[in-house]
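# Next input, structure requested:
(chains A and B, ligands or ions: 1)
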Amino acid sequence: MYTTEFDYHRAGSVQEALALLAANPDAKLLAGGHSLIPAMKLRLASPPALIDVSKVAGLRGIRLEGVEVVIGAMTTHRDVEFSDVLRAACPLLSQVAPLIGDPMVRNRGTVGGALAHADPAADYPASMLALGASMTIASTSGERTVPADEFFTGMFETAVAPGELLTEIRVPAATLGEGQAYEKFAHPASRYAIAGVAAVVRTQGGSVSSARVAMTGAGYHAMRLTKVEEALVGQTPTPEVVEAAVRGAVSPDELLGDHFASAEYRAHLVEVQARKAILRALGSAG
Amino acid sequence: MTAVLRGPDLDRGRVAHSRPSLLLAGDEVVFAGQPVAVVVATSEAAASDGAALLDVEYEALDSVDSLEGAETDEVMVWPHGTPTAASSQAGLHGAETSSSDSGSASNVDERRVFERGDVEGALSGAHVVIDRTYRNARVHQAYLEPHAVVAVPGVRPGEVTVHTSTQGQYVVRAEVAGALGLRERDVKVVPMTVGGGFGAKYGILDALVAATALHVRAPVRMVLSRTEDMLTTTPTPETSIRVRLGVDAEGRVSALDVRAVIDNGVFRFGHAGIVATVIGGMYRCEHVRIETVEVLTNRAPVGAYRAPGVPQALFALESSVDEAARALGLDPLEFRLLNAVDGGDLTGTGRPWPDIGLRACLERVREHPLWRSRGSVPFEGVGLAVGGWPGGFSPAGAVCRVDSDGTVRLHVGSVDISGVHSSMVLIVAETLGVRPEDVEIVQGTTDSGPYAPASGGSQVTISLGGAVLDASRQVREQLRDLAAAHFEAHRDDVELEEGRARVRGVPAREVTFGQLAQLGERLPGGPGPVVAEGRASLKGGAPGFTAQLVRVRVDPDTGVVTPLEAVAVQDVGFAINPLLVEGQMHGGTAQGLSFGLYEGLRYEGGSVTTANFLEYVFPRALDLPTLEAVMVERPSEHGPFGARIVGEPPITAGAAAIANAIRDAAGVRVTALPVTSEMVWTLMRQEA
Ligand SMILES: Cc1cc2nc3c(=O)[nH]c(=O)nc-3n(C[C@H](O)[C@H](O)[C@H](O)COP(=O)(O)OP(=O)(O)OC[C@H]3O[C@@H](n4cnc5c(N)ncnc54)[C@H](O)[C@@H]3O)c2cc1C
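Numbers count the residues shown, from 1 in each chain, chains lettered A, B, ... in the order given. Okay, here's the model as predicted:
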């Protein structure tokens, strides 16, 4: 299928992108194009103009800034997959990226595009919640920072407002005693997540001092599994404790269901993936 | 945009009775995916824009959305009677065709009963009776290349040339001529390279595109998108098959009662004969009753898909056979060997099989390490199932000639969908004594090709092979005659080897085939150019059977089934081109496993919800296990060189083998396809 006709603008800077956006309020930002272009080809989206931000200077790259890793919004999945900085400071994302799509998708798709798109079955959102990341959003009136917990507001909905641009993602670097893991149960056709669970767990003196566990894919948007987190903190994390903590992690009522996986089955898969992710995070705690 | 055409614009007063004969809907649409208008434009983008501008108003009518709903006749798919035509595509697949016993208005298009002995009596006397009902979702052929056609109006009015990706050019010619009311001589079909067919590439769009081209008086190209293709073409049917299998205390099958309901979608198709032939023809049994009920629903019409109807039928039969062996505490392989049919035993429709190799396949499996070393690893299991396909066979012709440079040209009217023409090259090379690379295939159109059947029903090698053999033998004799004249020797003393002729005992003198061809072309009063038309018409088929093993692991946490290893043993008669045969076995086995574990069109009401590759599950290379193809060669009495049909048998056993492996691994019996992880998880939970 073919897209409808559209104008194409390429922005060289954040300022230029924002100005173009202000001048073309119905335009869409184009990052890697791996969610937007398919939607346009299916004519689910027919924007009159695209503003390509994939080449904006300074928006691509991964760097350590004090105790934070800063990921430019236009950093590709492949950059994430092979980043030494992330492997050392945020191994969770190094695990997630290679599970996204195929090499072609990873070569073009971007972290910022994926987060702004907020596909309920996308992989990064669970990790950003588990990591306690924060998003930097720019507009003509300046910059603001939104914590991951407030970023994902619904199915394909985020805190990014019209006229705004997601510029970077800030992730706290892993600390001593912290383990991170992501477990994905993929849809057999699309390979997007049906139940993906990310866990970031810290232990101190043999017990869990903090736990952030989040899921994606099973519901309308990524969310924290707070019941599971609460059941872990302060406990000695034996397999039995973890098993008990994940039980009833999420109610089927909060989840999606389709012909491949009902809400009830998804709730079960979330438990299984949560258990695996937490145990693996615990096992890798440095 | 050049034109927008609606039903009345293309209407030629013909009744659409099949998918290929369907042009545009009139004022009633009978299935989701039925074409309602054609937008003609000078670019695909403009055509997409044009189509987006069309506003079709639909009023929802009552519809028949399910197989069960169809049988009640509460809502009628065709209140005024089912449109019919004399021909049926199933005939192309070697399936038995039949006449209808219910011409009146009913969604039950055809009900047939094949019966021998006293089934009820035998069932009540049986030691064990397994009674289960099996379901499967529709499976799409999912070839890589969606349907694509270019039609070009001819110089004379009413003439049209159709360039199409098809398995059967003569079939398409007849369809287009029939649907448009043209003479066959006015329709020329040029077969293009086929990007995957699996039974679905006879003709779907050809009549529509030809009619459009004639209407706008310009060449018209239509290429379906993946979604359009999955909505408007012809998948294999959903079925519901109840099997009651009776076995006596000695482990002999004593009764088989089958009721198979087959959803054909909006048009008639005809899977009954083949389903009955196979389901009642794998095991010796005196008391058999097979009832086939072919129903119509408001869904896209079904069509042929590699061994049409048989993966479904054998999923039902072989799952039940596995359960019967378990109930009796018998080894599933020995149980099958005790009962498996041989040449002379009866098919499900009561005809004797010719010589077949089912038992030979089972015996080979018995020796295989995967079977012998079946282990007891928790949640791992090995499943066994057998399969087979009677196969088609048809008369065919071929022309063979030798060119002046020694190149041998073989002119054929068959279409190569699988590399099958390479076997024809080998037959020529073998017969003439030339290298395969010296033989060129010339693919004819419907105007220029010697007649050959469609490339379906696994029949090309056995049907066309004889004609090619006949033509090349004649060419050999012509070369011999020319060489005898050239050497002034007796023809019986002429030897043909490596593209040259020599006289026995005089190795130093030789003449190339090219020189002989030149001689034939130039010698006044000589025998003439080297060219021969061969033909063949087999008297009987060369059925192919298979026995397959698959080892799986079932994840107790999630129900995910991972196939680890598969072995396909198949009686191929004689492998003319072993590489090709092995390829067919690999591909077919993969499709069979996929039928079991992955593929299925999902519907909501009458609409497909999985009409794209983001949602339609099928395996990628990494999802498939290691496949081992083991050939058994028990020569057929009919096929050339003893060859048997090869293409379709390997798809027939995989789904059942998967189901039986899951039973072995996790102790649960799946009765619906495709098997999803949720299904297995649910069954395991119920068991616990
Ligand atoms: C075959 C295939 C398989 C895939 N598999 C997976 C998978 O397994 N897991 C997974 O998570 N994803 C998967 N994806 C999606 C992939 O990760 C996409 O790259 C991603 O969802 C979108 O990123 P993008 O850079 O391509 O964004 P685009 O498609 O360019 O944009 C997506 C949306 O975000 C908006 N946008 C882009 N950049 C910004 C910005 N800086 N600020 C504000 N809005 C912005 C755009 O306007 C658009 O609405 C798959 C995609 C394909 C094609």
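
# What is the burial count for the closest residue to the ligand within the stretch 501-650 of chain B?
Relative to the ligand, the nearest point of the stretch 501-650 of chain B is B:L614 (7.6 Å; C-beta to the nearest ligand atom). Heads up, the C-betas are built off the backbone N, CA and C, glycines and all. Residues contacting B:L614 under the criterion other C-beta atoms under 10 Å in any protein chain shown number 13.

# Show me the helices in the stretch 401-550 of chain B, by range?
Secondary structure of the stretch 401-550 of chain B (DSSP state H, counting those that start in this stretch): helices located at B:421-432, B:460-487, B:513-522.

# Could you provide the ones you listed in JSON lines, with additional columns for mean pLDDT, mean neighbour count and distance to B:A385?
Supplementary listing: the helices of the stretch 401-550 of chain B in JSON lines, determined by pLDDT from 0 to 100; neighbours: other C-beta atoms under 10 Å in any protein chain shown; distance: least, C-beta to C-beta, whole Å:
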{"stretch": "helix B:421-432", "mean pLDDT": "97", "mean neighbour count": "22", "distance to B:A385": "28"}
{"stretch": "helix B:460-487", "mean pLDDT": "97", "mean neighbour count": "24", "distance to B:A385": "25"}
{"stretch": "helix B:513-522", "mean pLDDT": "96", "mean neighbour count": "20", "distance to B:A385": "49"}
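
# Show me where the stretch 101-250 of chain A has its helices.
A:103-108, A:111-117, A:124-131, A:148-151, A:226-232, A:239-246.

# same check, this time on the stretch 251-400 of chain B
If you assign secondary structure with DSSP H, counting those that start in this stretch, the helices in the stretch 251-400 of chain B sit at B:272-279, B:310-328, B:332-339, B:358-367, B:369-372.

# Just tell me which of these ends up closest to B:R669.
Nearest to B:R669 among the helices of the stretch 251-400 of chain B is helix B:310-328 (6.7 Å), distances taken as C-beta to C-beta.

# so for that closest one, what's the average pLDDT?
Model confidence over helix B:310-328 averages 98 on the pLDDT scale.

# Give me every residue in the stretch 451-600 of chain B lying close to chain A.
Contact residues (C-beta under 8 Å from any C-beta of the partner chain) of the stretch 451-600 of chain B with chain A: B:557-558, B:598.

# hmm, 6 Å instead?
Selection of the stretch 451-600 of chain B residues close to chain A by C-beta under 6 Å from any C-beta of the partner chain yields B:557-558.

# Strands along the stretch 451-600 of chain B, start to end?
Under the criterion DSSP state E, counting those that start in this stretch, the stretch 451-600 of chain B contains strands at B:494-497, B:500-503, B:506-512, B:531-536, B:544-554, B:561-571.

# Can you tell me the SS state at B:A213?
B:A213 falls in the helix class when you classify it by DSSP: H, G, I helix; E, B strand; the rest coil.

# That one: how many residues sit nearby?
Residues near B:A213, counting by other C-beta under 10 Å, number 24.

# With mean neighbour count and distance to B:V420 added, can I get the helices of the stretch 251-400 of chain B in a markdown table?
Shown next, in a markdown table, are the helices of the stretch 251-400 of chain B (neighbours: other C-beta atoms under 10 Å in any protein chain shown; distance: least, C-beta to C-beta, whole Å):
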| stretch | mean neighbour count | distance to B:V420 |
| --- | --- | --- |
| helix B:272-279 | 27 | 21 |
| helix B:310-328 | 26 | 20 |
| helix B:332-339 | 19 | 31 |
| helix B:358-367 | 20 | 23 |
| helix B:369-372 | 14 | 30 |
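
# wait, does the helix or strand hosting B:I130 make contact with chain A?
According to DSSP states H and E, B:I130 maps onto strand B:128-136. No. Contact check for strand B:128-136 against chain A, using C-beta under 6 Å from any C-beta: none in range, with a minimum separation of 13.8 Å.

# Please state the offset of that strand from the chain centre?
In terms of C-alpha atoms, centre = their mean, to the nearest Å, the centre of strand B:128-136 is set 26 Å apart from its chain centre.

# what's the answer for stretch B:46-60, then?
Using C-alpha atoms, centre = their mean, we find the averaged C-alpha position of stretch B:46-60 to lie 35 Å away from the chain's own average C-alpha position.

# Can you tell me what sits against it?
Defining contact as C-beta atoms under 6 Å, 6 or more residues apart in numbering or on different chains, one finds that stretch B:46-60 is touched by A:1-2, B:1, B:36-37, B:39, B:41.

# please redo it, this time with the cut-off set to 10 Å
Contacts to stretch B:46-60, defined as C-beta atoms under 10 Å, 6 or more residues apart in numbering or on different chains, come from residues A:1-5, A:41, A:43, A:46, B:1-4, B:6, B:25, B:27-29, B:36-41, B:43, B:221-222, B:225, B:605.

# Generate a PyMOL selection restricted to the buried subset of these.
Of these, the buried ones go into a single PyMOL selection, burial set by 16 or more other C-beta atoms under 10 Å in any protein chain shown:
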select buried, (chain A and resi 1+2+3) or (chain B and resi 6+25+29+37+38+39+40+41+222+225)
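
# Where helices are concerned, which of the contacts of stretch B:46-60 count?
Secondary structure of those is defined by DSSP state H; positions in helices are A:K41.

# hey, where'd the strands end up in the stretch 151-286 of chain A?
A:152-154, A:157-158, A:165-172, A:178-186, A:193-204, A:207-216, A:223-224.

# Output the contacting helices and strands for the last one.
Read that as strand A:223-224. In this structure, strand A:223-224 makes packing contacts with helix A:124-131, helix A:148-151, strand A:207-216, judged by 3 or more C-beta pairs under 10 Å, 6 or more residues apart in numbering or on different chains; DSSP states H and E.

# any bit of the longest one sitting next to chain B?
Just to be clear, that refers to strand A:207-216. No. Remark: strand A:207-216 sits outside contact range of chain B, by C-beta under 10 Å from any C-beta of the partner chain, the gap being at least 15.0 Å.

# Show me what counts as buried in that strand.
Judged by neighbour count (16+ other C-beta under 10 Å), strand A:207-216 contains these buried residues: A:208, A:210-216.

# Can you pull the poorly scored residue ranges out of chain B?
Counting by pLDDT under 70, the ranges of chain B that qualify are B:86-104.

# I'd like to know how many residues surround residue 187.
Answering for chain A, as no chain was given. By the measure other C-beta under 10 Å, the count of residues near A:H187 is 18.

# um, chain B though
B:V187 is flanked by 27 other residues according to other C-beta under 10 Å.

# How about B:Q591?
With neighbours defined by other C-beta under 10 Å, the count for B:Q591 comes to 27.

# wait, doesn't it sit right on B:P650?
Yes. Here B:Q591 lies in contact with B:P650, judged by C-beta atoms under 10 Å, at a distance of 7.9 Å.

# Find residues that contact each of these two.
In terms of C-beta under 10 Å, 6+ apart, B:Q591 and B:P650 are both contacted by the residues B:306-307.

# What pairs with the very next helix or strand once past the strand holding B:I130, parallel or antiparallel?
Heading C-terminal from strand B:128-136, the first helix or strand you meet, by DSSP H and E, is strand B:148-153. Neighbouring strands of strand B:148-153 in its sheet, by DSSP bridges, are strand B:160-164 (antiparallel), strand B:220-223 (antiparallel).

# Which other helices and strands does the helix or strand hosting A:L29 contact?
Counting by DSSP H and E, the secondary-structure element that holds A:L29 is strand A:28-30. Contact here means 3+ C-beta pairs under 10 Å, 6+ apart; on that basis strand A:28-30 packs against strand A:7-10, helix A:14-23, helix A:36-41, strand A:49-52, helix A:111-117.

# These: which one's closest to A:L225?
Closest among the helices and strands packed on strand A:28-30, once you apply C-beta to C-beta, is helix A:111-117, at 19.4 Å.

# Output that closest one as PDB, nothing but the C-alphas.
Included here for helix A:111-117 are C-alpha records, laid out as PDB according to Å, rounded to 0.1, in the frame of the first residue of the first chain:
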ATOM      1  CA  VAL A 111      14.500   4.800  21.700                       C
ATOM      2  CA  GLY A 112      12.800   8.100  21.600                       C
ATOM      3  CA  GLY A 113      10.500   7.100  18.700                       C
ATOM      4  CA  ALA A 114       9.500   3.900  20.600                       C
ATOM      5  CA  LEU A 115       8.800   5.700  23.800                       C
ATOM      6  CA  ALA A 116       6.800   8.500  22.200                       C
ATOM      7  CA  HIS A 117       4.900   6.000  20.200                       C
END
